[in-house]
Structures are given as structure tokens and as C-alpha cells.
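> Dropping the sequence and predicted coords here.
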Amino acid sequence: MAVQPKPKPEDTRARIMDTAEALFRRLGYAKTAVADIATELGMSPANIYRFFPSKNAIVEAICRRCLGELDEKVWAVARSKAPAAARLERLVLEILRYHLENFTSEKRVHDIVLIAIEDNWDAIQAHKGVIRNVIELILRDGVGTGEFAPMDASKTAQLMMVSLIAFMHPLVIAQMLQEDADLEAAARGTVQFLIRAIAKRS
């Protein structure tokens, strides 16, 4: 009889996160206990606690993983060969679509986002830093190619993040959905307005 290889710790962590996320989506965060996650996995709660000290720690790990996926998408946009203006628009639309697909479409997942933002996890702050850096990179490229007027790219990136919060923050997106059925069109219009404001004058 072949001996089953012992699972790697990172594989077990991933299984716990996958199972927890599925239960959070199905039952909601508040109604899901660590014991439920353990039962679903066929292991004891004590074994879960070997990998995560609390249910909140599992949520933070899920959040970190999701934001990591989004960070990869935005860096791919930033490093593409498209003109800077087109990259800015695509960046905002990528972020909006990601949040629509993963957070705002399900009330139970929305609760997880609330916890993450209220606890102000490092993962949230790091993600904001990535978005700011990506916007700044695109702005610098645009200035370099003559698309945009000379500017303080760092300050402008920060101002753009504030101006675009309705399309980049999952909780604001959820509120906007109640008022505007076509958020993508609104996002495009806002980005184009901002691009006109920084475009190099002939």
C-alpha cells in the first residue's frame, strides 16, 4: 500500500482558506465558526488553529490573497505598451470589474470587506500603496511621451485616487450600484474628464 505524502503546510493553509471562503459566501461570516470550517475539511478545530490563530486571521489571509490577485492585474495594465491615457482607463475598469465580481455582488462577501476595512489591515494599506504607485508610474510615462502636461506625478496620483474612489472602493461601489446601473460608463466618463485636465496643451 502506497504511503500518502504528508501535505505541505502551505497547501493545508490554502485548503483552509478555500473552504472558509466558500462557507463565508454560503452562510455569511457571522454564521460561520471555525468548527464549521474544520468539519467541512474533516479535521479538528485545533488543527485549524495550528495554521490560523482566529477566524479573523483566516479572513485577513483571504483578503491578502484577493488583493494580491488584483495587484497583479493592475501591474499588468501599468506595464502594457498602450498609451498612458488608455492604461489609466483600463486600470480603473479592471479594479471596478474585480470588485463587482468578487465583493459587491454578494452581501455575505460584503461583510468580509467591512471587517477588513474596519480593522485597517496592513494588506489594505499595502494595496492602496500599489494602486497609488501604478497610477504614478502611468502618469510619469504620459509626461515622458508628451501625452500629459508636466506635473507632480506623486501628488496627482493621490488626487486621482480620491477622485476615482467611487470606482475603486468596494463599499462605495456597492452604494453607487443603487444609484447608477452603468458604473462602467460612469467610470469611463470620469477618467476621461481627469485625462482632459492633465493633457498636454498644444
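Here it is on my side, so go on.
> Excluding sequence neighbours, find me the nearest residue to Ser163.
Nearest residue to Ser163 in three dimensions, chain neighbours excluded: Leu194, at 6.1 Å (C-beta to C-beta, 6 or more residues apart in numbering). Using the backbone N, CA and C atoms, a C-beta is placed for each residue, glycine as well.
> what about that neighbour, how many residues close to it?
Using other C-beta atoms under 10 Å, Leu194 is surrounded by 19 other residues.
> Show residues contacting the strand or helix carrying it.
With secondary structure defined by DSSP states H and E, Leu194 is part of helix 183-198. If you take C-beta atoms under 8 Å, 6 or more residues apart in numbering as the criterion, helix 183-198 is touched by 85, 88-89, 92-93, 96-97, 100, 139, 142, 148-149, 151, 156, 160, 163-164, 166-167, 173, 176-177, 180.
> buried subset of the residues you listed?
Among those, those buried by neighbour count (16 or more other C-beta atoms under 10 Å) are 85, 88-89, 92-93, 96, 100, 139, 142, 148, 156, 160, 164, 166-167, 173, 176.
> Just name the shakiest helix or strand of the protein by mean pLDDT.
Within the chain, no helix or strand scores below helix 107-119, which has a mean of 67 by mean pLDDT, DSSP states H and E.
> Helix or strand next in line after that one, which one?
Trace forward from helix 107-119 with DSSP H and E and the next one is helix 122-145.
> With only the CA atoms kept, save that next one in CSV.
Extracted C-alpha coordinates of helix 122-145, given in CSV (Å, rounded to 0.1, in the frame of the first residue of the first chain):
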residue,chain,number,x,y,z
ASP,A,122,-1.7,46.0,6.6
ALA,A,123,-2.9,44.3,3.4
ILE,A,124,-5.4,47.1,2.8
GLN,A,125,-2.8,49.8,3.2
ALA,A,126,-0.3,47.9,1.0
HIS,A,127,-2.9,47.5,-1.7
LYS,A,128,-3.6,51.3,-1.6
GLY,A,129,0.1,51.9,-2.0
VAL,A,130,0.2,49.6,-5.1
ILE,A,131,-2.6,51.5,-6.7
ARG,A,132,-1.0,54.8,-6.0
ASN,A,133,2.3,53.6,-7.4
VAL,A,134,0.7,52.3,-10.5
ILE,A,135,-1.1,55.5,-11.2
GLU,A,136,2.1,57.5,-10.6
LEU,A,137,4.0,55.2,-13.0
ILE,A,138,1.4,55.7,-15.8
LEU,A,139,1.4,59.5,-15.2
ARG,A,140,5.2,59.7,-15.4
ASP,A,141,5.1,57.7,-18.7
GLY,A,142,2.4,60.0,-20.0
VAL,A,143,4.5,63.1,-19.2
GLY,A,144,7.5,61.4,-20.8
THR,A,145,5.7,60.7,-24.1
